[in-house]
Every structure is written in structure tokens, then in C-alpha cells.
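Peer 1: Could you look at this predicted model? Sequence included:
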Amino acid sequence: MTNQLEVESTLTDRYQTTVPETVRRALGLGKRDRIHYAIRAGGEVVLTRAAPGHAEDPALSPFLDLLARDISAHPKRLATPGAALVQHLQSLVAGIDVDLDAPLPADDE
């Protein structure tokens, strides 16, 4: 008989949860790693670390981490964009229709 460690987490109102530390360690998960779910008969779900699918930009994650740390450390530096930038951004997306109520494509869920 094998030793089995069991842990729980809670779903938020948005159906999100934090993967418990013991599970992250067991799977060797880090920030932005992907998780694979295998759903078996009887409702059992097996959670594993997903195999890398595509090469990610090696600079993106460190850059986003830098931004998050800077915003946390210096929230007063955040400022609203100026009118000229807003107008420029609006010109870039002019004529593009987005239905915020449309379901996401299967690969975006």
C-alpha cells in the first residue's frame, strides 16, 4: 500500500483556485507553467504538469515579473494615459468589432 497525501483547495466565484504548495512541489510547477487534466470515468480527475507546447519568449516572463514588482513597490507611479495616446490607440482599433458576450474559442478557454 502506498502513502497518499491529500490536500484541498477552494473555488472562487470565478471558478479559480490556488494549486496547493504540496501539489506544486510534487509536480514541479512554477509560475506560468501549464497544467494538464485527464478526466476519467467515475469523475476522477488526474492533474499533471503539461508538456511544453511551444517555445515562449524568454524575456516576457521576467519582464512581466519586473512590472508586477515595480507596480507593487511604487503604485503612485501609475498614471492615466494622455488624450493623444488614447486617440492614437482608438485609431489603431477603429473598425474592429468585438462582441464581449461571444463565447471564447475552444483553444482560448
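Peer 2: That came in fine, so what should we check first? Numbers count the residues shown, from 1 in each chain.
Peer 1: where's Ala84, which helix or strand?
Peer 2: helix 83-93 (DSSP states H and E).
Peer 1: now the top helix by length along the chain: how far from the chain's centre is it?
Peer 2: Among the segments of the chain that qualify as a helix by DSSP state H, the longest is helix 60-73. Using Cα atoms, centre = their mean, to the nearest Å, the distance from the centre of helix 60-73 to the centre of the chain it belongs to is 15 Å.
Peer 1: Keeping just the C-alphas, turn that helix into PDB.
Peer 2: What follows is helix 60-73, C-alpha atoms only, in PDB (Å, rounded to 0.1, in the frame of the first residue of the first chain):
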ATOM      1  CA  LEU A  60       8.400  38.000 -21.500                       C
ATOM      2  CA  SER A  61       8.000  36.300 -18.100                       C
ATOM      3  CA  PRO A  62      10.900  38.200 -16.500                       C
ATOM      4  CA  PHE A  63       9.600  41.500 -17.900                       C
ATOM      5  CA  LEU A  64       6.100  40.900 -16.600                       C
ATOM      6  CA  ASP A  65       7.500  39.900 -13.200                       C
ATOM      7  CA  LEU A  66       9.600  43.200 -13.200                       C
ATOM      8  CA  LEU A  67       6.400  45.200 -14.000                       C
ATOM      9  CA  ALA A  68       4.400  43.500 -11.200                       C
ATOM     10  CA  ARG A  69       7.200  44.100  -8.700                       C
ATOM     11  CA  ASP A  70       7.500  47.800  -9.700                       C
ATOM     12  CA  ILE A  71       3.800  48.400  -9.600                       C
ATOM     13  CA  SER A  72       3.600  46.800  -6.200                       C
ATOM     14  CA  ALA A  73       6.500  48.800  -4.900                       C
END
